[in-house]
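Asker: return atomic coordinates for the entry below.
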Amino acid sequence: MTDVIRRFVSGNKARFKDKHLHLELDLVYVTDQVIVMGYPAIGLEGLYRNRRDDAKKFLEHRHGKNYWVFNFCPVRENSYAPTVFDGRVSRYPFPDHHAPPLAVLPLVAREMRAWLDGSPDRVAVLHCKAGKGRSGTLACSYLLSMDITPHPPRLERSNTTKQWAQVKVEKLMQVMPTDDPSGSQPASPRVSVETLSSAEDLTSPAETVPSTSTVTIHGEEHPNGTIDVAPVSLKHVLDLHTSRRMKSPSSPTKKVKQGVSIPSQRRWLGYWSQLLANQGPHGFWEVDTIKPKPKVRLTEIKVRMKDLGGVRVSLVRAANMVIDRTKYGRSGGSKGNEQGHVWVSLARYDDVLAEELEACERATRHESGNMGKVRTALNEDGERETSRHFFTDSQWDSTKMVRSFARMGVIGNNAVQTEKAGDEFLTKYVLRPLSDERWVTIKEDIPHATNGDSGVVNDAVPSETNSIADVTHPSHERGIVVDAHREIRVKFYMGQVFIAWLWLIPAFHVDLPAMTPGTASTILLTRKDTDFPVGIGSALLDVEISFERCAEEEPEQPPGFSHPHSVTTPAGEAEGYADEPTGIAANVDSIATDVVGGFVETTQATAN
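Answerer: Numbering: from 1, shown residues only. Below is the predicted model:
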């Protein structure tokens, strides 16, 4: 009975049966040396996830002491002592459904490489909670860094019965004699187990690369906007992971679900692919830390949405009222949000955490500059540099790792515009920075405002004459100054209802060397480039983010903030989460609109 429950929870993910141990686990071999699996759980959670004892029994029976576990779950989500696996555990935690700090990718890839290069008998075991997004992202990070093209498992113990049968068929086809009477063997395409596994998910490189964004500078498009530097290699790795991690579709007409499916995580792999090819942004992760990092000013964000329709507008209004009147709402009675106005929250990882991870990346980078290899030279203490002990304790992941630092909303009478595209109408929201003081004013004062001249009522749908920010002005008129080399999470809301989010690093999308201070550039991302656009997010058409280059001496806005356990005081903590809906509060629309497929996943995601 419990196996039935576990299969249901696994959904579209493939599972592994060991006939000798009579075990079935949410686990697969991506290669002969790389395993990904679901969280090894105990107690009630063990009824629907991998039982911890079963996972350990499986690994020890098959690999003895030649396995090392990589755990990507923060302690606030789930945890266990390293002694569970005899101390062979490394932690690199980051929130579920998110992109990690980019420096985590090389650190994990290098530690995996150092371990696996020690013996062909060794395996690396990667897990998060579901063993899909986070584990898949970091497994692909390692596979991208390999010196040879990774291939599916070739050992019997790494394949299921069906997969091993395919491998044997391939070997048989290679030795079969030709029917050509001349005895010659004409060249023919070789059918491999990899082709058999992934043929149903063949897509063009452009579809596999994580982003289709473009950059415009002075009205001209620049190729730096796309991140398909190594589409064949990246596509190969993503397809390999998908072919191993996901079930084959029940019908030939159905496509295989992607293994790494979250656009921002795929975008991160695109960034990593560029860095490995030495084609990353100029000066990115510069060894010389004295040089100032380039800064850009985020001036505005344009959001275009299709017509929601009367029924969905009513649901959004009802959702905002429910959120506002329950303990889940964190807005403290923000009646103004009932009107369904669009705004965004900007966030990034803790600044000290990001700086220390980047310092660890520089310290462990190979002397040759190869991003995928760990440094071999000893440090001043006569020891080899390692990132293994970075997350030994829970300093960085016992609380929220992602911190909000600014908000943007509609400003002025022309900030909400109506456009016609074919037979349908679109609404475009032009979002600019909001100060904390004005944010409070918006929430408290807008419900009492009247506009007799325009005939607009407080419960109306946002329009050109009815804006949540008509009485506000931006905190920084020219925009928000950010480090171009740092990650930004842009999280979209309508009132208090979650629309979607996306992660990006500006330097990978704008041509900084070609930009002088004041030069503007834009990044255009479609709905497919955003994460979890379910519910009202299905009406999202595209997002256009505008940056301009600014002088390097300009301070970031706000100044750096850090973890409460670190040396400095978290300057951004006061504005961090007080007004940002989370968890079920951000997903009432998903419930109301019966988006069953994405609701559970998005509810978990928006809680971070």
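
Asker: not counting sequence-adjacent ones, nearest residue to residue 105?
Answerer: Closest residue to residue 105 apart from its sequence neighbours, by CB to CB, 6 or more residues apart in numbering: residue 141 at 4.3 Å. Bear in mind the C-beta positions are built from the backbone N, C-alpha and C, glycine included.

Asker: quick check: pLDDT value at the one you found.
Answerer: We have a pLDDT of 97 for residue 141.

Asker: going forward can the numbers begin at 29, since that is how I track them
Answerer: Yes, from this point I'll number from 29; that puts the last item at residue 169.

Asker: what's the distance between residue 48 and residue 408?
Answerer: 50 Å (CB to CB, to the nearest Å).

Asker: more crowded one of these two?
Answerer: Each of residue 48 and residue 408 had its neighbours counted (other CB atoms under 10 Å), and the higher figure belongs to residue 48 (8 against 5).

Asker: gap between the more buried one and residue 265?
Answerer: Distance from residue 48 to residue 265, by CB to CB: 31 Å.

Asker: do the same with residue 408
Answerer: 36 Å.

Asker: lowest-pLDDT helix or strand in the chain?
Answerer: Lowest by mean pLDDT, DSSP states H and E among the helices and strands of the chain is helix 221-226, with a mean of 34.

Asker: how's this protein carved up into domains?
Answerer: Listed domain ranges for the chain are 30-186, 327-378+427-634 (source: automatic domain parsing).

Asker: what number of residues lie near residue 461?
Answerer: Neighbours of residue 461 under the rule other CB under 10 Å: 25.

Asker: which pLDDT value belongs to it?
Answerer: With respect to pLDDT, residue 461 scores 93.

Asker: could you measure it against residue 405, distance?
Answerer: Taken as CB to CB, the span from residue 461 to residue 405 is 46 Å.

Asker: same deal with residue 195?
Answerer: On the measure of CB to CB, residue 195 and residue 405 end up 41 Å apart.

Asker: once you drop chain neighbours, what's closest to residue 425?
Answerer: residue 102 (3.6 Å).

Asker: is it fair to say the one you found lies in a strand?
Answerer: No - under DSSP: H, G, I helix; E, B strand; the rest coil, residue 102 sits outside any strand and is assigned coil.

Asker: contacts only, for it.
Answerer: Counting by CB atoms under 8 Å, 6 or more residues apart in numbering, residue 102 makes contact with 121-123, 425-426, 429.

Asker: at 10 Å what do you get?
Answerer: 119, 121-124, 156, 419, 422, 424-429, 636 (CB atoms under 10 Å, 6 or more residues apart in numbering).

Asker: now do residue 71
Answerer: Going by CB under 10 Å, 6+ apart, residue 71 touches 79-80.

Asker: ok, residue 159 next?
Answerer: Counting by CB under 10 Å, 6+ apart, residue 159 makes contact with 38, 41, 53-56, 63-68, 77-78, 100, 153, 167, 273.

Asker: so among those residues, which ones count as buried?
Answerer: Burial by neighbour count, judged by 16 or more other CB atoms under 10 Å, picks out 38, 41, 53-56, 63-68, 77-78, 100, 153, 167, 273 from the contacts of residue 159.

Asker: among those residues, which lie within helices?
Answerer: 38, 167, 273 (DSSP state H).

Asker: and stretch 512-530, how far apart are its ends?
Answerer: End-to-end distance for stretch 512-530, by CA to CA, to the nearest Å: 16 Å.

Asker: how close does residue 122 get to residue 419?
Answerer: 10 Å.

Asker: same deal with residue 93?
Answerer: Residue 93 is 23 Å from residue 419, where distance means CB to CB.

Asker: who's more crowded, these two?
Answerer: Higher neighbour count among residue 93 and residue 419: residue 419, with 23 against 12, using other CB under 10 Å.

Asker: for that one, give me its contacts.
Answerer: For residue 419, the contacting residues are 99-100, 102-103, 118-122, 132, 135, 381, 385, 425, by CB under 10 Å, 6+ apart.

Asker: swap the cut-off to 8 Å and go again
Answerer: Residue 419 neighbours (CB under 8 Å, 6+ apart): 118-121, 425.

Asker: check it and give its pLDDT.
Answerer: At residue 419, the predicted lDDT confidence score is 93.

Asker: next: the one 5 residues further on.
Answerer: According to the prediction, residue 424 has pLDDT 93.

Asker: and residue 525, by the same measure?
Answerer: 87.

Asker: bridging residues for it?
Answerer: Bridge pairing for residue 525 (DSSP bridges) gives the partners residue 522.

Asker: over to residue 448?
Answerer: With DSSP bridges as the criterion, residue 448 is bridged to residue 453.

Asker: and for it, the neighbour number?
Answerer: Around residue 448 there are 8 other residues, counting by other CB under 10 Å.

Asker: that older thread, pull the most distant pair out of the contacts of residue 102.
Answerer: Using CB to CB, the contacts of residue 102 span at most 18.7 Å, a distance reached by 156 and 427.

Asker: ok, residue 58 to residue 162 distance?
Answerer: 14 Å.

Asker: pull up the pairing partners for the helix or strand harbouring residue 550, direction included.
Answerer: Residue 550 belongs to strand 548-554 when assigned by DSSP states H and E. Strand 548-554 has the following strand partners under DSSP bridges: strand 243-245 (antiparallel), strand 568-578 (antiparallel).

Asker: so for the shortest one, mean pLDDT?
Answerer: What it means is strand 243-245. Strand 243-245 comes out at a mean pLDDT of 44.

Asker: and what of the last one?
Answerer: Strand 568-578 carries an average pLDDT of 96.

Asker: put the alpha carbons of that strand into PDB.
Answerer: Extracted C-alpha coordinates of strand 568-578, given in PDB (Å, rounded to 0.1, in the frame of the first residue of the first chain):
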ATOM      1  CA  LEU A 568       0.600  37.000 -18.300                       C
ATOM      2  CA  LEU A 569       2.000  37.800 -21.800                       C
ATOM      3  CA  ASP A 570       5.400  39.200 -21.300                       C
ATOM      4  CA  VAL A 571       7.700  41.200 -19.100                       C
ATOM      5  CA  GLU A 572      10.100  43.900 -20.200                       C
ATOM      6  CA  ILE A 573      12.800  45.000 -17.700                       C
ATOM      7  CA  SER A 574      14.800  48.200 -18.300                       C
ATOM      8  CA  PHE A 575      18.300  48.800 -17.000                       C
ATOM      9  CA  GLU A 576      20.800  51.600 -17.600                       C
ATOM     10  CA  ARG A 577      24.400  51.700 -16.800                       C
ATOM     11  CA  CYS A 578      25.500  53.900 -13.900                       C
END
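
Asker: quick one on the thing from earlier: joint contacts of residue 122 and residue 419?
Answerer: residue 425.

Asker: out of the domains of the chain, nearest to residue 303?
Answerer: domain 30-186 (7.6 Å).

Asker: for the closest one, measure first residue to last.
Answerer: Chord length of domain 30-186, first to last residue, is 24 Å (CA to CA).

Asker: shaky segments in the stretch 79-228 of the chain?
Answerer: 192, 196-228 (pLDDT under 70).

Asker: go again using 80 as the cut-off
Answerer: Along the stretch 79-228 of the chain, the model assigns pLDDT under 80 to residues 188-228.
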